[in-house]
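[1] Need coordinates for the below:
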Amino acid sequence: MKAMILNEFGGPEVFEEAEVPKPKIKAGHVLVKIAATSVNTVDTMIRQMGPELPLSPATPAILGMDFAGIVCEVGDSVNGYNVGDEVYGCAGGLADLQGTLAEYIVADVKLVALKPNNLSMLEAAALPLVGITAYEGLMRAGIQRGQNVLVHGGTGGVGHIALQLAKYFGANVFSTGGGEPQLQLIQQLGATAINYRTDSVESYVQQYTDGSGFEVVFDSVGGANMTNSFHAAALNAHVVSTVSLLELDLSPAHFKGLSLHVVFMLIPMLHDHKREEHAAILKSLTSIVEAGALKPILDDTSFSFTDIGKAHERLASGRAVGKVVVSVN
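    Purely as a prediction, here's the structure:
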């Protein structure tokens, strides 16, 4: 089969087209002909850092985690899937798991679900990693109807899904963005838009919560912005972080009695730990999508399989709105 591989780690130019062996079906797995994949920040990190990241595969490596495609073979002990089913998931691209920048993948059925019937293959491929991350974070924060929820980075990959899910769960949703297109998208997705470039944390906390703070803060920006999340949170609130690779003074969190939830959704893939929970979340996401309450936003660029280097550049540029997706077939 055709694949885009890395023989070395580095810049976006290191991808090479190659012919590699087609994977063979095994028990508990399905062989999927991949139609589309998407680019996530972790993909760019692996491509750049290689062995510096403990989750990176060895070279020659096939990256890519998300996929949507059609089942071609069904392994032993697999129930609920048949040849011809359209499926989606996040099932490879790290450690010893083959990635999705290839024509086929053998995927653990605990990491896949039937594709929402009202999404295209490209839209479905945009959803798994960010959808699982957003869903898990909101569940761990114990989101409840009527709560004031703040999503930092509401037009990013995880952020725009977390925003929609929080609204689906009945919260009053507010979200930060910068620039008119981003603020307009936040409004279109049903949240109150906050311009982080012009509005201070203190000002929007006062304006929207009478100074008491938000009961749930979902921080998909991370880094130094974590301090803003602590300041925006109410007493005994929940802060969800998806990017917490930093040293940070936790004093503000201590004096507010905050609960901090770090979501690292790759754990089931890396450690074969509770993988079935990912399938369960994907099934829930399918139901929410088919109910018309969730739709992944695709960046207004388009990339083919062999343009994966350009797709990585697009994501790294910071100009993408929504998910960067790639057609495989």
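[2] In the stretch 151-300 of the chain, mark out all the strands, start to finish.
    172-177, 192-195, 214-219, 233-241, 259-262 (DSSP state E, counting those that start in this stretch).
[3] quick one, what contacts the residue nearest in space to the middle of the chain?
    Central residue of the chain (C-alpha atoms, centre = their mean): residue 130, 1.7 Å from the mean position. Counting by C-beta atoms under 8 Å, 6 or more residues apart in numbering, residue 130 makes contact with 40, 157-158, 161, 296, 323. Glycine gets a C-beta too; all of them are placed from N, C-alpha and C.
[4] Now with 6 Å, please.
    By C-beta atoms under 6 Å, 6 or more residues apart in numbering, the contact set of residue 130 is 157-158, 161.
[5] what's the answer for residue 36, then?
    Neighbours of residue 36 in contact, by C-beta under 6 Å, 6+ apart: 68, 121-122, 125, 325, 327-328.
[6] Nearest to residue 209, out of these: which one, please.
    Ranked by distance to residue 209 (C-beta to C-beta), the contacts of residue 36 are led by residue 325 at 35.8 Å.
[7] out of the contacts of residue 36, who's nearest residue 174?
    residue 325 (27.5 Å).
[8] Is the closest one within a helix or a strand, and which one?
    If you go by DSSP states H and E, residue 325 is part of strand 324-327.
[9] Average pLDDT for that strand, rounded please.
    Average pLDDT, strand 324-327: 98.
[10] Grab the nearest non-local neighbour of residue 230.
    Distances taken as C-beta to C-beta, 6 or more residues apart in numbering put residue 252 closest to residue 230, at 4.0 Å, once the chain neighbours are dropped.
[11] do you know how far that neighbour is from residue 91?
    Distance, residue 252 to residue 91, by C-beta to C-beta, to the nearest Å: 38 Å.
[12] Which of these two has more residues huddled nearby?
    For residue 252 versus residue 91, neighbours defined as other C-beta atoms under 10 Å are more numerous around residue 91 (30 against 15).
[13] quick one: contacts for the more buried one?
    Counting by C-beta under 6 Å, 6+ apart, residue 91 has contacts 107, 111.
[14] Please apply the same query to the one 4 residues further on.
    With contacts taken as C-beta under 6 Å, 6+ apart, residue 95 has the following neighbours: 55, 270.
[15] Return the distance of it relative to residue 61.
    10 Å.
[16] can you check residue 74 too?
    Residue 74 sits 27 Å away from residue 61 when distances are taken as C-beta to C-beta.
[17] which of the two has more neighbours?
    More crowded of residue 74 and residue 61, by other C-beta under 10 Å: residue 61, with 21 against 18.
[18] Bridging across strands, which residues link to the residue nearest to that one when sequence neighbours are not counted?
    Among residues not flanking residue 61 along the chain, residue 6 sits closest, at 4.5 Å (C-beta to C-beta, 6+ apart). Residue 6 has these beta-bridge partners by DSSP bridges: residue 15, residue 61.
[19] Now do the contacts for residue 6.
    Neighbouring residues of residue 6 by C-beta under 6 Å, 6+ apart: 14, 59, 61.
[20] In the chain, which residue sits furthest out from the middle?
    Most remote from the centre of the chain, using C-alpha atoms, centre = their mean: residue 210, at 32.1 Å.
[21] domain assignment for the protein?
    Partitioning the chain according to automatic domain parsing yields domains covering residues 2-127+275-327, 130-262.
[22] Quote the end-to-end distance of the shortest one.
    Translated: domain 130-262. By C-alpha to C-alpha, to the nearest Å, the extent of domain 130-262 from end to end equals 14 Å.
[23] Now do that domain: distance to the chain's middle.
    Chain-centre distance of domain 130-262: 16 Å, with C-alpha atoms, centre = their mean, to the nearest Å.
[24] model confidence over that domain, on average?
    Average pLDDT, domain 130-262: 97.
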